[in-house]
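Colleague: pasted the sequence and its predicted model underneath.
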Amino acid sequence: MKKDKYKYSFARRLTRWVMLVLFIMMTGLAYITYLMTKSLIVESSGDAFYNSIQSSGKSIIDAMSDVSVAVENNIFDVERNVSQPGQLQAIMERIVAHNPRVRSCGISFIENHFPQKGRAYCPYAWRNDSLEVEGRPIEGSAASYLETDWFRDAVAADSAYWSEPFFDSRDNKTPLVAYMYPIHDQKGRVVAILGADLSLDFMTHLLEKDTIFQERVMAIPLSNEGVFRSYILSRDGTYITHPDQWRILRGNFFTHIKDSDEPGAAQEIIRKMSNGNRSTREVDHDVRVNRVKTYLFFAPLEGTNWIFAVAVPKMSLDMLGSLVGFLMLLIAGFMLLVTFFVCRLAIRRAAKPLKQLAATADQVADGQFDTPLPDIKSRDEIHLLRDSFENMQHSLTAYVEELKSTTAAKASMESELKIAHDIQMAMLPKTYPAFPGRHDLDIYGQVKPAKAVGGDLYDFFIIDEKLFFCIGDVSGKGVPASLVMAVTRSLFRNIAAYTREPDQIMIALNDALSSNNEAGMFVTLLVGVLDLATGQMNYTNAGHNPPLQLIGDEVDVLPCDANIPAGVMSGWVFTVQHLQLKAGDMVFLYTDGLNEAEDISHNQFGMERMQQVAKVTIRQPQSLIEAMTTSASLFVGDAEQSDDMTMLAIQYTKS
């Protein structure tokens, strides 16, 4: 093996001297400053605590969020099976099995909801001590929740919320907090409360594992009370966590706070903690907790009604401050002086060739790629850097030339795609209201391509008091699909000028697209003709998604015959269907980019969600399309749009 010609001595020399001196200086200075200077220690303690509360608070909120999300994700199944006790019991066991944070889960029904089960009935599941999931319904006289305040309050509130902490009724020693969610029947009445229990033991373990605060405060244990304690409290001071388990939900922290030097200081701190305020360094520290002078830090936990408090004995932080202050200054000054001269001498000698190389680098940065590099005599890392920089010069020159050509080609392509997008969008109706002078029709459409250009289309126009409309989706994406889309839209307009029957329009359009279709592309298409005088709508579907019909308060899927897409085979005889619209009725047409929109887990938006959105949205075309767009965007989240999304809503308004 050939021996490397570079000795790599520069890094070793510089690192040995600088790191040795800096390590001695910073270790001694930081250690002495940390222990001996009272104000800096208290300030560091406060900073460490507030960082700790943010970290611990986020973990607590995340755990509570896991439970609430687990409940809310199953509400749909629960309300759908609200009359099937067996299914509800299975759902409870599934929630506990799939969510490690959930200790137990149950649905407490109102009185006599299941007469065959007795006066009270509660499907219930829990995780036993061996972490296995068990479940059985609580019914009849065994279910005593009907007379409890929490059940009556939850039914009356009719909204989801976190309960106050309580003990597990099965062992009467595990502290819990429950997420309550009201369950409704099909008439919207509250018939039960779904409660998922979260054990508060995880918060105690979380505080025990949190070493960040211990490392920064470095409290010295002078006695049994000489180390810091951290707690989570309710607003009235009740312990939610405590190193002594028997105090949890039984003891009160406020009873241990007494005045130290300033009268009324303890009451002021209790008032601030009860109001959810945060401690201040100047006022809230110096009190007595368990008869020990203590620095007290506290702050509310965001998103809860709880308080995070830390008590640090004053003696642990103050005892060495007055003893070695003068010595600390002498040592720190001497170390800084030595470090300055040693580092200055070593770095000045090592950095001289680096300055020369830096000057050359500035000229290269200005675009002078052929600038000669300095001649470096040393055979170390700097020489290696000089050789690497020379290689970079050659590579950079070639790369810049290649980048110029690539950038020009990319700019040209983007410009052409932008022009194609503008042309395609200009072909579709985009001025609304489309027919401002008419009072028998309201129509609104929207297209959102997945790429710069897409293959979705919609169109509409009025001839002889008849509204001609269509919506379609070309197979494929990008420029080829956009070309077929433009041809399809032009054919629709031209053919509709000669016939009023949607099936005849579709037959002619299919024959035209099938002719010379060597690329094998096709269009799923729905063509309709609405008689604005009578409300009679005739339509023909060519393999497209069936629209939604919003008639009265109902939302249904419009029946559509199974026809092949246009462009697949010439000579196909398409069928025509009919629908009678009344004033206020609406037809919602869309492409599969809506119902097949996927989130990051590849779950689809689906027809069921579309119908739910249509039911709760104001019956007006633009409002419906905007609501569908918003709901789909929220469902998809950060997932990339995979297909063109087009919607068209038509409302017949003639009375």
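Modeller: That came in fine, so what should we check first?

Colleague: where along the stretch 351-500 of the chain do the helices fall?
Modeller: 381-427, 478-496 (DSSP state H, counting those that start in this stretch).

Colleague: deepest in the core, which of these is it.
Modeller: helix 478-496 (a mean of 19; mean count of other C-beta atoms under 10 Å). (Each C-beta comes from the backbone N, C-alpha and C, glycine too.)

Colleague: by contact count, what packs against that one?
Modeller: For helix 478-496, the elements it packs on are helix 381-427, strand 456-463, strand 466-474, helix 502-514, strand 523-531, judged by 3 or more C-beta pairs under 8 Å, 6 or more residues apart in numbering; DSSP states H and E.

Colleague: could you check the angle helix 502-514 makes with it?
Modeller: 140 degrees (axes from the mean of the first three to the mean of the last three C-alpha atoms, to 10 degrees).

Colleague: and helix 478-496, how far out from the chain middle?
Modeller: 39 Å (C-alpha atoms, centre = their mean, to the nearest Å).

Colleague: and it, average pLDDT?
Modeller: Helix 478-496 comes out with an average pLDDT of 87.

Colleague: stretch 241-248 now?
Modeller: pLDDT averaged over stretch 241-248 gives 78.

Colleague: buried set for it?
Modeller: T241, H242, I248 (16 or more other C-beta atoms under 10 Å).

Colleague: any idea how far L146 is from the residue nearest to F114 when sequence neighbours are not counted?
Modeller: What sits nearest to F114 in space, not counting adjacent residues and going by C-beta to C-beta, 6 or more residues apart in numbering, is Y121, at 4.7 Å. Distance of Y121 to L146, computed by C-beta to C-beta, to the nearest Å: 10 Å.

Colleague: pick out the shakiest of the helices and strands packed on helix 478-496, pLDDT-wise.
Modeller: helix 381-427 (a mean of 70).

Colleague: residues in contact with the closest residue to L550 other than its chain neighbours?
Modeller: Counting by C-beta to C-beta, 6+ apart, L550 lies nearest to M586, which is 4.2 Å off, once chain neighbours are set aside. Counting by C-beta atoms under 8 Å, 6 or more residues apart in numbering, M586 touches Q549, L550, R619, P621, L624, A649, I650, Q651, Y652.

Colleague: just these: which are in helices?
Modeller: Using DSSP state H, the members of the contacts of M586 that fall in helices are P621, L624.

Colleague: make a PyMOL selection of whichever of the contacts of M586 turn out to be buried.
Modeller: Remark: buried members of those, expressed as a PyMOL selection using 16+ other C-beta under 10 Å:
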select buried, resi 549+550+619+621+624+649+650+651+652
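
Colleague: could I get the contacts of M586 in a markdown table, plus columns for pLDDT and distance to F297?
Modeller: Below are the contacts of M586 laid out as a markdown table (pLDDT from 0 to 100; distance: C-beta to C-beta, whole Å):
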| residue | pLDDT | distance to F297 |
| --- | --- | --- |
| Q549 | 95 | 63 |
| L550 | 94 | 59 |
| R619 | 87 | 56 |
| P621 | 95 | 58 |
| L624 | 94 | 53 |
| A649 | 96 | 58 |
| I650 | 96 | 64 |
| Q651 | 95 | 61 |
| Y652 | 95 | 67 |
